[in-house]
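# sequence and computational prediction follow.
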Amino acid sequence: MSLDQDLHNIADKVMHVISKDKSIAVVTHSDADGIISGSIIAKMLARKNARFTVKVVSDMSDKVIEEMRSINNDFYIITDLGAGFAKRFDDTFNDSWIVLDHHQLPEEEKDNNNVFNIWKYGKDGSKDISAGGLCYLLAEHIDSKNRDLSQLAIVSAIADRQDQGEKRSLVGLNKDIAEVAKSLSLLRIDLDLMLVGRETRALHEALAYTSFPYIEGLTWNVSACYALLTNAGLKLKEDDRWRVLSELNDDEKRSIIDAIAKFVAVTSNASKIIDDLIGYVYTLLKEDNRSMLRDAREFSTLLNACARIGKAGVGIAICLGDRNSMLKEGENVINEYRKRLSSYINTLMQERWRIKDDGKIVTVNGENLLAEDMLGAVSSLLSSSPSMHGRSIIVWTRTKDDTYKFSSRKSNSSNANLGLIMRDCSSKVGGSGGGHAPAAGARIPNNRLLEFLECLKESIHAAN
Ligand code: C5P
């Protein structure tokens, strides 16, 4: 099996469908990588004057397949989803579908020519390339004009936390795509001080809301950060406007690092904290200074927020190029997302009965509290807290269609592969699930909760 040959075949198939003026349905995943995947395919199709629609779904299921079938399109492009469903796609859509995905897939799907999944080619879909990256490879193969979409593929890799190389750099095919974006002057890569919100947040807030590295006394403590930075002589405002990290000069950044170094000097992991503050920053050069879209990590946070609060359309419009009303709407989305997340965390802290911790696994019962699309945001945030260190986190809620939806994260280096565990345990109880080793999810029938939880716990403990 060769990636280049399969890419060529898939591209031929798509070009054939376009040339016959067939109606195409793009079905993508509702997260940042899914939004970018759908947008890259949409842009590529629009540039070829193809007829298409884009639909965003939380996960693949028989119900979604039935909805897709009932709309009755000629061809289906499924992105960032679909591992484990190839047979059902074959049965429902014959040969008129392709999947572009980077989630681990069952062995029996590896021979299916309609599945373009990076795991087929000996690569690691959790760090070598995202679904957005695969969609980019297809778009670029179909027309080299689409090389400008390389910058979006970088945002999707960052969104899916594929920056796992040294100092949070991109590796594998992501690195090659970054080179394309750099060669087109779309992207700059710098080794720099890393705080969240580097283009948009006041410095003391940026420091306070940075949870990696976690700094006891500073993280989530805005007033302590304000005091630290003003005492260090930093000029936090200019002309009545808060300054942001991206506009500081090297000396100013150095004085922030020195101030933090003094603050953490007595802690045992001081040098690790300082080391973790420096990493590779990916800047999209065509975006305005101080825009949420200029720093790839902030861009990915915005798209993630769009997906989580049910406004994926805003994210897609931004990826397709809207820099007016939709970008403004993006600011509202981010505020709403932060508000919801903090209200969830406050309630979870008050209603302690929801959280059970056996030292290796933390379960969080989010029934009648967490909206299903926010589960991943909650499990990610919890997993960044030092109190969760060394554990796997499992969060669930009951959904509108009366199933249970799960999200899990690994906050340790155990051998547990949550993607495979979610897939196996969910299939045992008549559900579906999957994902990556450190981050995965599932959906199961409402009468199999205890059995499913038991299976998860047993499998995770067995791997520890
Ligand atoms: O929803 P959440 O962010 O927790 O998802 C984590 C990972 O698990 C994602 O990559 C998602 O695509 C995957 N997942 C899956 N099947 C599900 C739910 C999530 O493959 N039913």
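Received, thanks.
# for the ligand, what's its nearest residue on the stretch 251-400 of the chain.
Nearest residue of the stretch 251-400 of the chain to the ligand: residue 376, at 2.4 Å (CB to the nearest ligand atom). (Glycine included, C-beta is placed from N, CA and C.)
# what about that residue, which helix or strand?
helix 375-383 (DSSP states H and E).
# what residue, apart from its backbone neighbours, is nearest the residue of the stretch 251-400 of the chain closest to the ligand spatially?
Of all residues not flanking residue 376 in the chain, residue 407 sits nearest, at 4.7 Å (CB to CB, 6 or more residues apart in numbering).
# can you tell me which helices and strands whichever strand or helix holds the one you found packs against?
Assigned by DSSP H and E, residue 407 belongs to strand 403-410. Here strand 403-410 touches helix 375-383, strand 392-398, helix 418-428, strand 439-445, helix 449-463, going by 3 or more CB pairs under 8 Å, 6 or more residues apart in numbering; DSSP states H and E.
# mean neighbour count added to the ones you listed, as a markdown table?
Compiled in a markdown table, the helices and strands packed on strand 403-410 are given as follows (neighbours: other CB atoms under 10 Å):
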| stretch | mean neighbour count |
| --- | --- |
| helix 375-383 | 23 |
| strand 392-398 | 25 |
| helix 418-428 | 22 |
| strand 439-445 | 24 |
| helix 449-463 | 17 |
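# take the ones you listed and write them to a markdown table, including mean pLDDT.
Supplementary listing: these in a markdown table, determined by pLDDT from 0 to 100:
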| stretch | mean pLDDT |
| --- | --- |
| helix 375-383 | 94 |
| strand 392-398 | 98 |
| helix 418-428 | 97 |
| strand 439-445 | 96 |
| helix 449-463 | 97 |
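# these: which one's closest to residue 309?
Closest approach to residue 309 among the helices and strands packed on strand 403-410 is made by helix 375-383 (9.3 Å; CB to CB).
# wait, is residue 141 part of a strand?
No: per DSSP: H, G, I helix; E, B strand; the rest coil, residue 141 lies outside any strand segment and is helix.
# mind listing what it touches?
Going by CB atoms under 8 Å, 6 or more residues apart in numbering, residue 141 touches 7-8, 11.
# do the same with residue 209
Here residue 209 is in contact with 196-197, 201, 220 (CB under 8 Å, 6+ apart).
# how about 10 Å then?
Residue 209 makes contact with 195-197, 201, 219-220, 222, 225, 338 under the criterion CB atoms under 10 Å, 6 or more residues apart in numbering.
# tell me how far it lies from the ligand.
When distance is defined by CB to the nearest ligand atom, to the nearest Å, residue 209 is 20 Å away from the ligand.
# give me the mean pLDDT for stretch 6-15.
Model confidence over stretch 6-15, given as mean pLDDT, is 98.
# check stretch 340-355 too.
Stretch 340-355 carries an average pLDDT of 96.
# what comes into contact with it?
By CB under 10 Å, 6+ apart, stretch 340-355 touches 305, 308-309, 362-371, 374-375, 377-378, 380-382, 385, 393, 395.
# now do the closest residue to residue 374 other than its chain neighbours against residue 366, distance only.
Of all residues not flanking residue 374 in the chain, residue 308 sits nearest, at 5.3 Å (CB to CB, 6+ apart). Residue 308 is 14 Å from residue 366, where distance means CB to CB, to the nearest Å.
# which neighbours do those two share?
Shared contacts of residue 308 and residue 366 (CB under 10 Å, 6+ apart): 372, 374-375, 378.
# ok, so of these, who is nearest residue 211?
Checking those one by one against residue 211 (CB to CB), the nearest turns out to be residue 378, at 13.8 Å.
# which residues touch residue 230?
Here residue 230 is in contact with 203-204, 236, 259 (criterion: CB under 10 Å, 6+ apart).
# same question for residue 132.
Neighbour list for residue 132: 28, 32-41, 79-80, 100, 102, 149, 152-160, 174, 177, 303, 319 [criterion: CB under 10 Å, 6+ apart].
# report the buried members of those residues.
Taking 16 or more other CB atoms under 10 Å as the criterion, what is buried in the contacts of residue 132 is 28, 32-41, 79-80, 100, 102, 149, 152-160, 174, 177, 303, 319.
# near the ligand, which residues of this protein?
29, 59, 103, 375-376, 379, 407, 432-436, 439-443 (CB under 6 Å from any ligand atom).
# can you do 8 Å?
Taking CB under 8 Å from any ligand atom as the contact definition, the chain meets the ligand at 29, 31, 33-34, 58-61, 80-81, 83, 103, 160, 375-377, 379-380, 395, 405-409, 419, 422-423, 426, 431-436, 439-443.
# what about the residue nearest to residue 1 when sequence neighbours are not counted, how many neighbours?
Among residues not flanking residue 1 along the chain, residue 120 sits closest, at 5.5 Å (CB to CB, 6+ apart). Residue 120 has 18 neighbouring residues, counting by other CB atoms under 10 Å.
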